[in-house]
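K.L.:
Coordinates only, no sequence provided:
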């Protein structure tokens, strides 16, 4: 039997981190469509993130991207976050947007470029010291486009050297979160293409190094919940970057492409206690609202994670285990599907009402007039974006 | 027995069209790395394309992208091409780089946007009338990112309507070449995702409508030479966009990722007479030299196509047919592999020498000093690029 | 607004055909696990199929596979079906299980083998004449394993010739349904690998030739509902083979791998009127219950199709169209998801009760004792299977 | 500069192990086509393997599959191998062909089945003690077909327990080689789906546990040479199972689908010293000659590996390193391609002649009359196969 009260409690305590870059313009190499009202600086991003939390109640922090979100005075940005009802979260390093990084950052054949990249990573830890962020998330665009272009093993050596230097710089309660990605922007090798490579490096580094699973960074057919289960079993799952994909790293709204997969992933997480207060797993969104409005896009994303989590929590694990042990294939599957097929929207609406929130976050945001205000107010200046 | 003289003759007559955009800057959504010496206008692109032809002898035309390559005076650009030893080729329409096209161009739910897109396509035919181009190549970025976003069938109807209007505008010797692509920039549906869709539309349009096969636009595992064979059998193969890929539409140098696949494709082409002077197939490059130098990148690409073509022509089709008819699997495969395993570089070097060219195009270009000259000369101004 | 009564009516009229081979043993090249109680002849298969219909009420016919289901007296088998409350449906030809077909059946380089294969196809029409079946479903395992093994175009010619001969033999109300598949058992080329090839052949043949979409026969990333929409628009969608897959042609229970995809497919079907009595689309299952029990596997499959259909019918198409026309991406997606997120199990339970059926088909079958009876009764003899 | 003498020496010392099962019948779930002359027992397999070595000179051992190759008297089989000029090699355990293993072998929820599977694995080490084999290769078909069917983490625990028991049983010079596979025969989860999982288990086990890379066991788009490089860097690459694929685990002749990939893999191997006498890497074939003749299929496979190895050895690593360090993308790629484009067949023909072999192994075998003899002699009895 599922304890409904425990489900509600778990859902009430869930925390989903928002990416600052989801509020800026984004697109593909073909076109970045601009949207009116888009933030022009980190302060406006923080304000927008605060809206998402205001209407959902479970998104109380914003991840930063350095240097996109660099400010003179971090305390001031922290205060702005606090004013918006949220806090500053994970620091994401960016060593892919300088002409120097054409052949890589920390794996570049040129030692000067490697030093420059490492200095940036270390500077990100300086930022963490000021923002109070726990996690440094490292994703490297490093790789090669052509066979022979560089030495695969030598690049691993350079990567290991840089990671060790960053790891040594971490404070006692800080963590290094290593993200992997199959391809893009490099199209022959990526230096951290899969969970195995990230895991191996984290194992070498030590306890404070964990793996980040971005749900859009795998080869076709990859069973992501298997990776999640294996990393949890090894104590090495540090974070999720949630989004969804039909083809490549599409960065669509999480749960939009395959809600059943999201449910399966979250079931592995919850079944292993990954939602507990003591859990070391950070749940983040990492998406690009290329064509849809950004704040509603984030609200919908948060709701999709909530709904999948609610379904995962509704799985009758005792009945499931009994069917599994009995070798009852259809019975075990039916227990899982019974939870998935449940309409959990009423449950979440009730939860929101019990927290003093509107049961319908999308509608409440639309009615709030915030969208119209930012369109009217944010004129002039340069809209935030990737600046590719 | 293979007739070596016929092989040489066929290779001497091969024509490969260059894309003007390959000479400008390109990149991914993460970063466009700039390169010194990159053209700042269509005239400089034409000059660079002329270099590729000068050193290879088989690339005598340049494809244009409208509006990237729009000029006031088309005759003047034609003259510049002529001065560079080449001519203006296929006109590529671009209806994906305007904020209006966020939800599509010719398939947009808004009739005003559809009209605007169609007007651009018709204007491209006007350009063709002036440049003397035979082919209008249509690639649509149109599609949707989310299930339900738009009506799949309605978009097909709108597409059919626009194609019919363009087709009706074509001159007697002009053609409409329809390109398909699985995904990117749209991530749920593309309105022309596969050869079947392109074929069906071309069939409806008529004789002057043909399909373009871009070698990077397929799902993983797709057998491209099969599609080539089937389209040739149906008289509907109009053009190739050559490039290579490991993952998605990587737009790498053709032959760099899977030279054996390129050989198999070209074998289907040559076996069906697709290289003959009477052939209706246009052989184009469509690549992005994101990190490698652009003119050498194009020279290498042309050479890769030449080498694959040479190998394809060396297949002993009589022996192959005999083995096939006998059901001799390993024997038939061996005939094909015998050609593929041949080192055709000496043959091509000889051919170049017989044509008064340097046998080593890459070396000859490097020694020519052109690269240094354009770096020195092309200062100031705005480098050409996609402007995403 | 959705008309609930119309939804119920449509669900009550839905028809799903069962594959006879789903009741026999099946497996992989590594192992076929046997199950007690499996049918030993076509009559026992028909009896089992009758059970699926008895508990679901929407599966009143069984598809046959020739020669697996060949009997001396077709009238007798028809009577057995009638006794079981069902009828004989689509005839599936099998030209892949004879040593002669090693290099292909109708595309074999040897004319003698082609003739033999064609004779079998024609004999299948003879069977149809006796069973009263409307559809001849043709799936060809034909293809090649190695580049060069055979001539791709020549094989297309041979295929076209055979199809034309079969088509000419069809009666006025009979149809030829051509199925495509990307790979397996051939691993380099399949002669009908994709919907484009099937469509092109059906177009050449005429009105009575239609395409069958097997949901497990596509390349990774293929958007199946797009194909469904395009084929319906062209009047060429003849049948579905439902199953599900994570990797290749896994032949798992339909809806088990990606229930959202099944919903999207069925939404395209229903939106285009494909469920209407006048529809020409046959809805079949084509699955292998390698490890789960077969009759419950079929019942679950039928229920999964019903649930996805119910959700598809619940889409508020007026609201959807309005949002689409307004370019409201998130709004349109929300309309679709609102239907998908609905728990339709109560609706279907009510429907069953109104039809005099148990609201819980799985439980009712389990309680019926049929499973125990067939295990006890079906001793001795040779269990049905693929006989690979 | 490449030292041609060193290349020849390395090629002369290369060793490729043959799989006993490649000489028996194999196929797909659709059909196993039989071939005349196929071995009926392990002794005849050994004799056929001896032929492959006799004509190539680099295939002096045969891998065994237990129980397919179980014999009463292992010394007698060893003597037969010796008589055929070869030796007995790797022992491959088989825990997938018993009805008990329907839900898994060492990961089965039922402890009785796990014990049975483990006993078989331990018995395989007994065989190794008698045959003198160094390696126990473990591939598990274990996995699940449906979400919820079993507990992913619990299965990892069971797997770890079984592996530890086998590892403890190994002799001082024996090794455990763990193979991974993405899918088939399980279609939702495989318990060892990727190199990361195999690596993590081997790391836990200890020095004598190594990973086997089967070139057909990856997701689409996976960069296999990257995995090879990373495993070599970690000292964990134990063996290759060579074959080739276009789609799934097609088990085609190695080098037949993507010879350039095979070259890139072998370049990583040779560049890291993996071909040296001191190397711990076993090079095996693992293929299914479903439709082509088996002994010629194996000879061709061995030659394909030789040719790719020769090209890999011809890479001018000094020039490559210089170009890589200089960031010369096209130059570095050109060094690699220069070796790949070389026709190495004359070099290998010379090598064979210097070893007293016929320069043309395929032709020499065909002329030997062996094929005709086994067809004539091997009548009656049961042909070897997988017995699925």
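P.N.:
Okay, I see it. All values reported here derive from a predicted model rather than from experimental measurement.
K.L.:
What count of nearby residues applies to the residue in the stretch 1-150 of chain A that chain D sits nearest to?
P.N.:
Relative to chain D, the nearest point of the stretch 1-150 of chain A is residue A:148 (3.3 Å; Cβ to the nearest Cβ). Placement of C-beta: from N, CA and C, glycine included. Residues near residue A:148, counting by other Cβ atoms under 10 Å in any protein chain shown, number 26.
K.L.:
Am I right that it is in contact with residue D:328?
P.N.:
No: using Cβ atoms under 8 Å, residue A:148 is not in contact with residue D:328, being 10.3 Å away.
K.L.:
Looking at the residue nearest to the residue of the stretch 1-150 of chain A closest to chain D when sequence neighbours are not counted now. What's its pLDDT?
P.N.:
Leaving aside its sequence neighbours, residue A:148 sits nearest to residue D:336 (Cβ to Cβ, 6 or more residues apart in numbering or on different chains; 3.3 Å). Model confidence at residue D:336, expressed as pLDDT, equals 98.
K.L.:
Could I get the phi/psi values of residue D:336?
P.N.:
Backbone torsions for residue D:336, taken as degrees, to the nearest 10, come to phi -60, psi -50.
K.L.:
who in chain A is up against chain B?
P.N.:
A:26-34, A:96-97, A:99, A:101-103, A:141, A:145-147, A:182-185, A:187-188, A:220, A:245-248, A:250, A:252-253, A:256-257, A:290-292, A:386, A:388 (Cβ under 8 Å from any Cβ of the partner chain).
K.L.:
please redo it, this time with the cut-off set to 7 Å
P.N.:
Residues of chain A lying close to chain B by Cβ under 7 Å from any Cβ of the partner chain are A:27-34, A:96-97, A:99, A:102, A:141, A:145-146, A:182-185, A:187-188, A:220, A:246-248, A:250, A:252, A:256, A:290-291, A:386, A:388.
K.L.:
which of the residues you listed are buried?
P.N.:
Among the residues of chain A next to chain B, the ones that count as buried by 16 or more other Cβ atoms under 10 Å in any protein chain shown are A:27-33, A:96-97, A:102, A:141, A:145-146, A:182-185, A:187-188, A:220, A:246-248, A:250, A:252, A:256, A:290-291, A:386, A:388.
K.L.:
now for the one helix or strand residue A:92 maps to, which elements pack on it?
P.N.:
When elements are assigned from DSSP states H and E, residue A:92 belongs to strand A:87-93. Identification of packing neighbours for strand A:87-93 by 3 or more Cβ pairs under 7 Å, 6 or more residues apart in numbering or on different chains; DSSP states H and E yields strand A:61-66, helix A:74-83, helix A:111-131, strand A:135-138.
K.L.:
contacting residues around stretch A:70-88?
P.N.:
With contacts defined as Cβ atoms under 7 Å, 6 or more residues apart in numbering or on different chains, stretch A:70-88 is touched by A:42-43, A:46-47, A:49-50, A:53-54, A:60-62, A:64, A:127, A:130-131, A:133.
K.L.:
sorry, back to before: assign the residue of the stretch 1-150 of chain A closest to chain D to helix, strand or coil.
P.N.:
coil (DSSP: H, G, I helix; E, B strand; the rest coil).
K.L.:
For it, give me the pLDDT.
P.N.:
98.
K.L.:
how close does it sit to residue B:78?
P.N.:
Distance, residue A:148 to residue B:78, by Cβ to Cβ, to the nearest Å: 40 Å.
K.L.:
Residue A:266 now?
P.N.:
Using Cβ to Cβ, one gets 61 Å for the distance from residue A:266 to residue B:78.
K.L.:
Counting neighbours, go ahead and name the busier of the two.
P.N.:
Neighbour count, other Cβ under 10 Å: between residue A:266 and residue B:78, residue A:266 has more, with 28 against 17.
K.L.:
these two touch, right, residue A:230 and residue D:155?
P.N.:
No: Residue A:230 is not in contact with residue D:155 according to Cβ atoms under 7 Å; the separation is 10.4 Å.
K.L.:
now check stretch A:50-62, is it near chain C?
P.N.:
No: using Cβ under 7 Å from any Cβ, stretch A:50-62 stays clear of chain C, coming no nearer than 13.9 Å.
K.L.:
which other residues reach that stretch?
P.N.:
A:14-18, A:20, A:46, A:49, A:81, A:84-89, A:295, A:298-299, A:302-303, A:306, A:352, A:355, A:357-358, A:361, A:364-365, A:370.
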